Structures are given as C-alpha cells and as structure tokens.
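*Asks:* Mind looking at a prediction? Sequence and model below.
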Amino acid sequence: MFQSAIHRFSQNMKCENCSGDYLANCANCHECFEATECQDCKFCDSNKSSKDAYDVLGHGQRAELILETVATGIGQMIAFCVLSADLNNVFYSISCHSCSNLFGCAGLRKKQYCIFNKQYSKEEYEQLVPQMIEHMRQSHEWGEFFNPKTSHFGYNETLAIEYFPLAREEALKDGFNWSDYLAPKPQVEQMIPASKLPETIAEVPDRILDWAIECEVTSKPFRIVKQELDFYRKMNISLPRRHPDQRHHDRLVWRNPRKLWVRKCDKCGVEIKTTYGLDRQEKIFCEECYQKAIF
C-alpha cells in the first residue's frame, strides 16, 4: 500500500523559489531542510528566521549574513562560529554571547574587540585582524570551518554519521577522527538472545533486570532498567528485541535523507528536486499534480 500511494515530492509549505524538504514560509532557499521563515539561504538545516545564510546548521534564528556556523544565531556578520548567540562581526569563535568584533575567542560574554580572548583597542583590532586573515588566506585556512582533527569525537560518534554516513576509510581520508571503542560486555547474571524472550510482557520475570539481551540484528547486548520494565507492563508492550542504537537507526530509515535528486514527476513528467532517490519505487508527484490528485 505504501509503494502504491502517491507521495508529494517535498513537505514544503508556503515557499517561493525553494528546494529542500520540510520548509515553511521561506523564499529563495536552496538545498535547505527543516527551516522556517528563512530568506536567501543555501545549505542550511534546522534554521528559523535566517537571512542571507550559507552552510548553517541549527539555530540561525534572527541572524543575517552568517556563514558556516553551528548552533549560532541572533545578530549579523557571523562566520565559522559554534554555540554562540547575539553577535556582530564575529569570526572563528565558540560559546560567545552578546559580543561584537571577536576573532578566535571562546566563552566570552558582553565583550568586544578581542582576539584569542585578549582585549585590544578598536584601532589595534582593526589593524591586526586583516593581517591575520591575510595570513590564513596564504595558508589556505581562511574560509574553512574548524579543522575536523580538533574534534574530541570520532565521526561515527556524532550525528553526522546518521545524516551523511561514511565508512571508516572514507571518514579518515576526509580528515575526520574515528572511534574504535567497543563498550565492554555487561557483567550480568545471564545473557539471553532476543529470540528467546517471552512473547508477552506478562510472561517476563522481574529477574530480567539482572539479564542482558542480545540484539537480534547486531548481537550487541543491552539491558532493561526498572522504569522501562514498569512502562512496558503498564502499556502491555512486549520487550524490545533490538539494541537502542538499532531502534534509533530503524526510525531514521523512515525519514528521507538530507539530499536532493533531480527526477521527473510520475504524473506529468515535469522535472523536480526531491529527497526521494532515483532508485525509490514510490509514486512521486510534483506539487500541482499532487494537489489535483488529493483534492
């Protein structure tokens, strides 16, 4: 039934000249996802009320002229910043708030004209920053986000692996770290395969809290905690057969990727940009054909 149903090429609402998915009240936004009330943006994800933004992930709220930022918003002229807000003319800074004219700073509040957290006069700042930018241009660092090697996490430990999956070799080749850590097996009374679990929650004994369950897909062990068991009993739900990580992955599979393909409407043949890949078998309609079919 799912395969034979008609699917709208995107979940955009009240948008003008936009490409992406889950956009609302946006104009001139391309390759964007989960954005609301944004204008003139590209390669943006999970933004609200952004304007003139490029390569921005998260927040972006009431921000203008922002470039390559993560979880940063409110203000203007913000580039290569992380976890910051209420900024003006700030570059390469982390966790700074209510600041202006910063370069390479971290954890500052209500500061201005600082470089590497050191206070300068307005004149000194305006003289030093252009020199630093020119040096970074010559070393090919200017215009690039923080080097991935500075991350404390492996690529496979971050949300990136969920939306932009890479194999270990690919991630390392692209300069990312990779974690080979394997959690030790839990010291439990008994290890039980998921296939051996009781069919109903009523048959599950209390001592399940002292056991570990082997995931039916990955064989990774996981445990049930008391609050979880109480909930399953209250709602009359059978015990899960899959590791929590696998369950999370299963849910993500139901969402289309943050990637666009050019394909044709299965009704009229007009060219559309959609998150439904070329190998997908669903019937994908353009906006006009979808509206005619539904209403």
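*Replies:* Perfect, thanks for sending it. Residues are numbered from 1 along each chain as shown.

*Asks:* use CA for all of it now, contacts and neighbours both
*Replies:* OK.

*Asks:* quick check, residue 279 in a strand?
*Replies:* No - under DSSP: H, G, I helix; E, B strand; the rest coil, residue 279 falls outside any strand and is assigned coil.

*Asks:* which SS class is residue 162?
*Replies:* The local conformation at residue 162, judged by three-state DSSP, is helix.

*Asks:* residues in contact with it?
*Replies:* Neighbouring residues of residue 162 by Cα atoms under 8 Å, 6 or more residues apart in numbering: 249, 252.

*Asks:* residue closest to the middle of the chain?
*Replies:* The centroid of the chain falls nearest to residue 159 when counting by Cα atoms, centre = their mean (5.8 Å).

*Asks:* Tell me the pLDDT of that one.
*Replies:* Model confidence at residue 159, expressed as pLDDT, equals 87.

*Asks:* Just give me the neighbour total for residue 103.
*Replies:* 25 (other Cα atoms under 10 Å).

*Asks:* Just list whatever residues bridge to it.
*Replies:* Beta-bridge partners recorded for residue 103 (DSSP bridges): residue 91, residue 115.

*Asks:* What distance do you get for the residue nearest to the centre of the chain to residue 153?
*Replies:* Distance, residue 159 to residue 153, by Cα to Cα, to the nearest Å: 11 Å.

*Asks:* Provide the secondary structure category for residue 290.
*Replies:* What three-state DSSP gives for residue 290 is helix.

*Asks:* tell me which element residue 212 falls in.
*Replies:* Secondary structure assignment for residue 212, by DSSP states H and E: strand 211-214.

*Asks:* Now do that strand: which elements does it pack against?
*Replies:* strand 190-193, strand 221-222 (3 or more Cα pairs under 8 Å, 6 or more residues apart in numbering; DSSP states H and E).

*Asks:* chain center to it, what's the gap?
*Replies:* 31 Å (Cα atoms, centre = their mean, to the nearest Å).

*Asks:* Then stretch 40-55?
*Replies:* Averaging C-alpha positions (Cα atoms, centre = their mean) puts stretch 40-55 14 Å from its chain's average.

*Asks:* could you give the mean pLDDT of it?
*Replies:* For stretch 40-55, mean pLDDT rounds to 96.

*Asks:* Equivalent analysis for stretch 206-219, please.
*Replies:* Stretch 206-219 carries an average pLDDT of 95.

*Asks:* quick one: terminal-to-terminal distance for it?
*Replies:* 23 Å.

*Asks:* Next, the buried residues of it.
*Replies:* If you call a residue buried by 16 or more other Cα atoms under 10 Å, then stretch 206-219 has these buried ones: 208, 211, 212, 213, 214, 215, 216.

*Asks:* Excluding chain neighbours, give the residue nearest to the first one in space.
*Replies:* Of all residues beyond its chain neighbours, the one nearest residue 208 is residue 224 (7.2 Å), with distances taken as Cα to Cα, 6 or more residues apart in numbering.
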